[in-house]
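> This is a predicted model, with the sequence first.
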Amino acid sequence: MAINEKESKAEDGTGELERLKALSRQGGGPERIEAQHKRGKLTARERVEILLDEGSFEEMDALATHRSTEFGLDKQKYYGDAVVIGFGKIDGRLVYVFSQDFTVFGGSLSEVAGEKICKVMDLAMKNGAPLIGINDGGGARIQEGVVSLKGYGEIFTRNVLASGVVPQISVVMGPSAGGAVYSPAITDFIFMKHGSGQMYITGPDVVRAVTHEDVTHEDLGGASVHSSKTGVAHFALEGEEDCLNEVRRLVSFIPSNNVEDPPYLEPGDLPDRLCDELVTVVPPDPSKPYDVHLVIESILDDGDFMEVHSGWARNITVGFGRMNGRVVGVVANNPTACAIAEAVRTGRRNGDEEGNGRCLKNLIVASFGTGDVLRRISGREAARWGAVRWAVPIIDVLFGGSTDAVDYIAGQLIEQENFFRFQLPLDQKYERMDNASPENIDVLTHLATHYIDSGPGRRKLEALVQRLAAG
């Protein structure tokens, strides 16, 4: 609520500090909060309350105000300005949060708002905790001029510095236009809400003036566009509460920083169970497609698979799950969709996010016939999309040695320490590794001798060779 200088003293006896904090919690005031609700949108603080564990949120800089005096801004001051920042917990784990407040100057970025966001980003990096940004703002506060734009430069710098150090998650609940769109694009994961979440560099009015093209906000940068055509958004959901609950779910799969393991969760099913349904999932005729989701959900703990980019480049399926309680990142080609180079870009980006040597260093990558995608991408369309350029980083991510890997090809499971150094040629026909045939022993001995120099991967292979040789 706007600050009234005449009300300098508390009248209800609760204390000046508590009175000011109460004013801060009202944001832009009851009328603007009501208008926000009529648009089908929650307020900044309501979103934070849903996102975090109950009672865990600790707000910072709740009484900060902008320092501008031009254009009548000296008469329009709101405690906390246009962003709520602080820290709390998700499933008992520390996270840092900022949430733009659309009820205050349309959530626009002022110099002070930029300083608040930078403060919480610095704390996230210092303490090794995920950073979650809830975006709902109209871009830079033009009344403040260049000092507002400077805030974006500071935020972008921290986005880059935090990349690979702590997970960065963006939740786009409202407009993110102009300078405001770049920070979410730098982060690791983007959630968008259908109907209100929008990401574009320039809005429909500017596009119309420059190109004479009539386009709506949704067609230009809505959740459907970015989750199915551009691939900018990793997740798109209908309701704000659903969106925030999915953010909580994602956090349960990822480590807090680049030196910690992802959280372990006791599985509800047996790790040594037989998946009888796999016998019928893959058809005998190799030319007939099958849905790889059936394979993934059968193997993962409790069938729990959180797919990333489910609407984009559907011939590659990527996401998170668990095997025997440990988090795995899944990269699989889905034969039900046509393979184009767009899918290789999906595998590359999610390989970076799910198995790179920086932020998600200790994650296992489970690959389901990924090599088949590289073999099948062909044709003019794939060439023009740059299949070769986008395929190389996939190999770099999986070959980099920063992850453990599990490779599943046509019902066969081999535990690996390093994907390509350890993987059999894709065109080689081999039987299940629990078959103690001389061929299997020879293959494993060859792998242990020539592909694994040292470490747990070689020890596992040598132990398996001895067990098979012993019958």
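All right, it came through fine. None of the values given here were measured: they were computed from a predicted structure.
> Would you map the strands across the chain?
Assigned by DSSP state E, the chain shows strands spanning 58-60, 83-90, 93-100, 131-137, 168-177, 189-193, 198-200, 235-237, 306-308, 316-323, 326-333, 364-368, 404-409, 412-416.
> give the contact list for residue 257.
The neighbours of residue 257, taking CB atoms under 8 Å, 6 or more residues apart in numbering as the test, are 128-129, 165-167, 359. Heads up, the C-betas are built off the backbone N, CA and C, glycines and all.
> now residue 48
So, once contact is read as CB under 8 Å, 6+ apart, residue 48 ends up touching 57, 84, 86, 88, 97, 99, 134.
> before we move on, what about residue 59?
Contact analysis of residue 59 by CB under 8 Å, 6+ apart lists 84-86.
> which of those count as buried?
Buried by 16 or more other CB atoms under 10 Å: 84-86, out of the contacts of residue 59.
> if we can go back for a sec, ranking the strands of the chain by mean pLDDT, which is last?
With a mean of 36, strand 412-416 has the lowest mean pLDDT of the strands of the chain.
> picking up where we left off before, adding distance to residue 319, write the contacts of residue 48 out as CSV.
CSV is the format used below for these (distance: CB to CB, whole Å):
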residue, distance to residue 319
57, 29
84, 30
86, 30
88, 26
97, 24
99, 26
134, 23
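> How about residues contacting stretch 200-214?
With CB under 8 Å, 6+ apart, stretch 200-214 has contacts from 175-178, 181, 215-217, 220-221.
> 7 Å instead?
177-178, 181, 215-217, 220-221 (CB atoms under 7 Å, 6 or more residues apart in numbering).
> wait, which of these is closest to residue 196?
residue 217 (9.2 Å; CB to CB).
> how close does the closest one get to residue 73?
Plainly put, residue 217 is 27 Å away from residue 73 if you go by CB to CB, to the nearest Å.
> burial count for residue 60?
Using other CB atoms under 10 Å, residue 60 is surrounded by 16 other residues.
> what does residue 132 give?
Neighbourhood size, residue 132 [other CB under 10 Å]: 30.
> and it, what is it in contact with?
Residue 132 touches 51, 95, 97, 169, 171, 247, counting by CB under 7 Å, 6+ apart.
> Next: residue 306.
Listed by CB under 7 Å, 6+ apart, the contact set of residue 306 reads 249-250, 253, 319-321.
> do residue 89 as well
Applying CB under 7 Å, 6+ apart, the residues contacting residue 89 are 52-53, 56, 95.
> Most neighbours of all those, which one?
Busiest of those [other CB under 10 Å] is residue 95, holding 25 neighbours.
> For that one, give me its contacts.
So residue 95 contacts 87-89, 129-130, 132, 251 (CB under 7 Å, 6+ apart).
> Is it possible to get a markdown table of those that adds distance to residue 315?
As requested, those are exported to a markdown table (distance: CB to CB, whole Å):
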| residue | distance to residue 315 |
| --- | --- |
| 87 | 40 |
| 88 | 39 |
| 89 | 38 |
| 129 | 35 |
| 130 | 30 |
| 132 | 30 |
| 251 | 28 |
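> Report the buried members of those.
Buried residues within these, counting neighbours by 16+ other CB under 10 Å: 87-89, 129-130, 132, 251.
> Of these, just say which sits nearest to residue 106.
Nearest to residue 106 among those, counting by CB to CB, is residue 132 at 21.3 Å.
> Show me the beta-bridge partners of that closest one.
residue 97, residue 169 (DSSP bridges).
> ok, it to residue 190 distance?
Residue 132 is 11 Å from residue 190, by CB to CB.
> for residue 212, same thing?
Distance from residue 212 to residue 190, by CB to CB: 30 Å.
> And residue 320, by the same measure?
Residue 320 is 16 Å from residue 190, by CB to CB.
> swap in residue 39?
According to CB to CB, residue 39 and residue 190 sit 21 Å apart.
> List buried residues within the contacts of residue 257.
Applying a neighbour-count criterion of 16+ other CB under 10 Å, the buried members of the contacts of residue 257 are 129, 165-167, 359.
> picking up where we left off before, separate out the buried members of the contacts of residue 306.
For those, buried by 16+ other CB under 10 Å: 250, 253, 319-321.
> Would you format these as JSON lines with distance to residue 286 included?
What follows is these, written out as JSON lines (distance: CB to CB, whole Å):
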{"residue": "250", "distance to residue 286": "35"}
{"residue": "253", "distance to residue 286": "33"}
{"residue": "319", "distance to residue 286": "25"}
{"residue": "320", "distance to residue 286": "29"}
{"residue": "321", "distance to residue 286": "26"}
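> Of the residues you listed, which is the nearest to residue 154?
Out of the buried ones among the contacts of residue 306, the member with the shortest distance to residue 154 (by CB to CB) is residue 250, at 26.3 Å.
> now the strands of the chain as a markdown table including distance to residue 46?
Shown next, in a markdown table, are those (distance: least, CB to CB, whole Å):
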| stretch | distance to residue 46 |
| --- | --- |
| strand 58-60 | 14 |
| strand 83-90 | 10 |
| strand 93-100 | 9 |
| strand 131-137 | 10 |
| strand 168-177 | 11 |
| strand 189-193 | 14 |
| strand 198-200 | 20 |
| strand 235-237 | 16 |
| strand 306-308 | 25 |
| strand 316-323 | 27 |
| strand 326-333 | 30 |
| strand 364-368 | 37 |
| strand 404-409 | 40 |
| strand 412-416 | 45 |
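> Could you chop the chain up by domain?
What automatic domain parsing lists as the domains of the chain is 16-251, 278-422, 430-471.
> which residues touch residue 176?
With contact set as CB under 7 Å, 6+ apart, residue 176 has these partners: 135, 184, 198-199.
> now the helices for the stretch 251-400 of the chain?
278-281, 292-299, 341-355, 370-376, 380-385, 387-399 (DSSP state H, counting those that start in this stretch).
> pLDDT score assigned to the residue lying closest to residue 163 once chain neighbours are set aside?
Distance criterion CB to CB, 6 or more residues apart in numbering; nearest residue to residue 163, sequence neighbours excluded, is residue 186 at 7.0 Å. You'll see residue 186 listed with a pLDDT of 92.
> Begin at 45, not 1, for the rest of this chat.
In the new count, where the first residue is 45, that last one comes out as residue 230.
> Tell me how far residue 230 lies from residue 128.
Note on residue 230: its distance to residue 128, by CB to CB, is 21 Å.
> Quick check: which ranges of the stretch 295-444 of the chain have low pLDDT?
382-444 (pLDDT under 70).
> now do 80
Residue ranges of the stretch 295-444 of the chain with pLDDT under 80: 326-333, 379-444.
> Not counting its neighbours along the chain, what's nearest residue 380?
In space, and not counting its chain neighbours, residue 380 is closest to residue 333: 4.6 Å by CB to CB, 6+ apart.
> Give the burial count for that neighbour, as a bare number.
14.
> Tell me how far it lies from residue 377.
The spacing between residue 333 and residue 377, counted by CB to CB, is 11 Å.
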